[in-house]
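Chemist: any chance you can model this:
(2 chains)
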Amino acid sequence: MIRNIAVAVCLTVFVSGPAAAGDVTEAAVLALSCAACHGPGGASPGSIPAIDRLTPSEIVAALRAFRSGTRPATVMDRIAKGYSDAEIAQLSGQFGKGR
Amino acid sequence: MSPVLSRRDIGRLAVGVAAATVLGAGPARAARKVDVVVVGGGFGGATAARYLKQFAPGLSVVLVEQNRTFHTCPFSNLVLGGLRQISDIAHTYDRLSDRFGVEVVHQRALALDVETRTVRLADGSGIGFEKAVLSPGVDMRWNALSGYDEAASEVMPHAWKAGPQTVLLRRQLEAMVDGETVIIAPPANPFRCPPGPYERASLIAHWLQQNRPKSKVLILDAKDGFSKQGLFMQAWSGLYPGMIEHVPARDDGRIVNVSASGRWVETAFGTRHSGGVINIIPPQWAGAIARDAGLANADGWCPVDPTTFASEMAPDIHVIGDAAIAGQMPKSGFSANSQGKVAAANIVRVLAGEAPVSGSFANTCYSLVAPDYGISVAKVYRSTQDGIIGIDGSGGLSPMDGGAAVRAHEARFAEGWYASITRDMFG
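Modeler: Down below sits the predicted model:
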């Protein structure tokens, strides 16, 4: 029994290696929602435009234009209204050439 | 909010749990111990498992899912409408294990012990954990609707979990005689996929129009109104004139009693309706493993922290997806996926000794009314001290005056969404 406990404890220490949380920033969390439509990392496998090759300034311009209604859309006009200028700036660094 | 523990604290707790597990295990095998156990491999759980490993490859992550093949509820209405095969909505867990290093255990999780932080599996073994993510989805509340139990669902399918139930309902539709009625009976709120029953009515009507043109769809609703109602009604009058009748609760649409042997349903005011095919979508609550572990409230749903999804009853257990009370977010696959990522991010942060970050979520629910006719409702959400709330001014419905081109565009995007989110879930 004692030996079993020791084994269990060793296993615990072994499997609980330090997690690297450095990349899991507030900006990264903000960008997580995008993947459900635009694909993981913005690399859409289907008919929704991919966003993984855009530059940060292209992303900022697109989201602002969707938000103001100057760029027509089916759904991005509705989605973009959920993000402030500061959040759009954060998002722009999370995809494609901004990463 | 979860307490932030130092690595030393976590280590001490782990020793205690490991020892307790070994000493108290009785006839069952001693539990091994991993960093995170995810229970349930659907939209919430598969996503959470993938992102836990993506964020922190060093974490040991076990996904417990009884089925080797997962059938998505989204797009299962296309199977009912003859537009897809059941195999088109089937997914496996191979890439989660091969590409992301998730250990997938295909067993039924029988119970979760909050005290010893152990998940008990069907074969008698256990898995201890630092953190657990529960994404059990919904269970049907058998007999909440008089006469509707599991046996009755083999005669009057719910098809509200995709798979054999979907196939059964599809076969019943194919066996229908022209002129018979399809009854769809949706429940009161809250339930999984609020627009789903009405997309289902649409795509069944689409199939009937071409294959059983004298038949119609009768929706007997426990509610007065429903998601995207104006858009659905507008589409039905144009695409399926006279084929879909919606009876709201105030007009005696709410059914209170069903007879599987008699193939009838009875409303609150005693009207009996018979149908060639009867699809009962019964009241629901959180999956049993969450309720049995004491994580649900009196209504059967699980209160959680709006940032980490830590259970209000047990801070090391995170409940996501349909089972959770996620503020203003609807119970949708998209919501569960969005929640799974935020929960994974904050579990990784907390395990590394960092504070959680505020959650940001989105939801876009597409409904297909016909193969080239899509409508949607969307919203952006944030974690706040008052729960998860929708951002004012964000989201909303497809425009009523969208026109055919916009509807066709949204139908294509619905397919694009399916391709993307299933890639996001399963790799």
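Chemist: so which elements touch the helix or strand hosting residue B:174?
Modeler: Using DSSP states H and E, residue B:174 sits within helix B:164-175. Helix B:164-175 sits against helix B:76-80, strand B:277-280, with contacts defined as 3 or more C-beta pairs under 8 Å, 6 or more residues apart in numbering or on different chains; DSSP states H and E. Placement of C-beta: from N, CA and C, glycine included.
Chemist: could I get the CA-only coordinates of it as CSV?
Modeler: What follows is helix B:164-175, C-alpha atoms only, in CSV (Å, rounded to 0.1, in the frame of the first residue of the first chain):
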residue,chain,number,x,y,z
PRO,B,164,-29.8,6.4,-34.2
GLN,B,165,-32.7,8.7,-33.3
THR,B,166,-32.1,10.7,-36.4
VAL,B,167,-32.1,7.6,-38.6
LEU,B,168,-35.3,6.3,-37.0
LEU,B,169,-37.2,9.6,-37.6
ARG,B,170,-35.9,9.7,-41.2
ARG,B,171,-37.1,6.1,-41.8
GLN,B,172,-40.5,7.0,-40.5
LEU,B,173,-40.7,9.9,-42.8
GLU,B,174,-39.8,7.7,-45.8
ALA,B,175,-42.5,5.2,-44.7
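Chemist: let me know the average pLDDT across that helix.
Modeler: Mean pLDDT, helix B:164-175: 98.
Chemist: so where's the chain uncertain?
Modeler: Here I'm looking at chain A. Across chain A, the ranges flagged by pLDDT under 70 are A:1-20, A:98.
Chemist: should've been chain B
Modeler: B:1-30.
Chemist: how is it carved up into domains?
Modeler: Domains of chain B are assigned by automatic domain parsing as B:10-139+B:285-357, B:143-282.
Chemist: if we can go back for a sec, just how off-centre is the helix holding residue B:174 within its chain?
Modeler: Counting by C-alpha atoms, centre = their mean, to the nearest Å, helix B:164-175 is centred 20 Å from the centre of its parent chain.
Chemist: go on, stretch A:69-89?
Modeler: 16 Å.
Chemist: repeat for stretch B:54-61
Modeler: What separates the centre of stretch B:54-61 from the centre of its chain is 25 Å, taken as C-alpha atoms, centre = their mean.
Chemist: repeat that for stretch B:271-278.
Modeler: Here stretch B:271-278 is found 27 Å from its chain centre; the criterion is C-alpha atoms, centre = their mean.
Chemist: and that stretch, which residues are buried?
Modeler: B:273, B:275, B:276, B:277, B:278 (16 or more other C-beta atoms under 10 Å in any protein chain shown).
Chemist: phi first, then psi, for the closest residue to chain B within chain A.
Modeler: Residue nearest to chain B within chain A (C-beta to the nearest C-beta): residue A:82, separated by 2.5 Å. Dihedral pair for residue A:82: phi -90, psi 0, per degrees, to the nearest 10.
Chemist: returning to what we had before: from the domains of chain B, which stretch is densest packed?
Modeler: Mean neighbour count (mean count of other C-beta atoms under 10 Å in any protein chain shown) peaks for domain B:10-139+B:285-357 among these, with a mean of 22.
Chemist: could you measure from the nearest residue to residue B:78 once chain neighbours are set aside over to residue A:47?
Modeler: Excluding the flanking residues, the one nearest residue B:78 by C-beta to C-beta, 6 or more residues apart in numbering or on different chains is residue B:84, at 4.2 Å. Using C-beta to C-beta, to the nearest Å, residue B:84 is found at 16 Å from residue A:47.
Chemist: next: residue A:96.
Modeler: From residue A:96 to residue A:47 the distance is 19 Å (C-beta to C-beta).
Chemist: likewise residue B:359?
Modeler: In terms of C-beta to C-beta, residue B:359 sits 28 Å off from residue A:47.
Chemist: list the buried ones in the helix or strand in which residue B:408 is found?
Modeler: Residue B:408 belongs to helix B:403-426 when elements are defined using DSSP H and E. Residues of helix B:403-426 classed as buried by neighbour count (16+ other C-beta under 10 Å): B:406-411, B:413-426.
Chemist: is chain A within reach of that helix?
Modeler: Yes. Residues of helix B:403-426 are located near chain A by C-beta under 8 Å from any C-beta of the partner chain, namely B:406, B:409-410, B:412-413, B:415-421, B:423-424.
Chemist: follow-up on the earlier one: which of residue B:359 and residue A:47 has more neighbours?
Modeler: Neighbours were counted for residue B:359 and for residue A:47 using other C-beta atoms under 10 Å in any protein chain shown; residue B:359 has more, 27 against 16.
Chemist: which bits of the stretch 101-250 of chain B sit near chain A?
Modeler: Proximity of the stretch 101-250 of chain B to chain A (C-beta under 8 Å from any C-beta) is limited to residues residue B:130.
Chemist: ok and the residue in the stretch 101-250 of chain B nearest chain A?
Modeler: In the stretch 101-250 of chain B, the residue that lies nearest chain A is residue B:130 (6.7 Å; C-beta to the nearest C-beta).
Chemist: next, that residue: secondary structure please.
Modeler: When classified by DSSP: H, G, I helix; E, B strand; the rest coil, residue B:130 comes out as strand.
Chemist: for it, give its distance to residue B:210.
Modeler: 54 Å.
Chemist: equivalent analysis for residue B:255, please.
Modeler: Taking C-beta to C-beta as the measure, residue B:255 and residue B:210 are separated by 29 Å.
Chemist: likewise residue A:70?
Modeler: Taking C-beta to C-beta as the measure, residue A:70 falls 42 Å from residue B:210.
Chemist: now swap in residue B:283 and tell me
Modeler: Going from residue B:283 to residue B:210 by C-beta to C-beta gives 33 Å.
Chemist: would stretch B:321-332 count as contacting chain A?
Modeler: No. Contact of stretch B:321-332 with chain A (C-beta under 8 Å from any C-beta) is absent, the minimum separation being 10.3 Å.
Chemist: what sits against residue B:335?
Modeler: Counting by C-beta atoms under 8 Å, 6 or more residues apart in numbering or on different chains, residue B:335 makes contact with B:321, B:326, B:329, B:361, B:363.
Chemist: now do the SS call for it.
Modeler: Classified using three-state DSSP, residue B:335 is helix.
Chemist: what ranges does chain A have for its helices?
Modeler: A:2-15, A:26-31, A:35-38, A:56-68, A:76-80, A:85-92 (DSSP state H).
Chemist: quick revisit: wait, the residue of chain A closest to chain B sits on residue B:361?
Modeler: No. In this structure residue A:82 lies outside contact range of residue B:361 using C-beta atoms under 8 Å: 9.6 Å.
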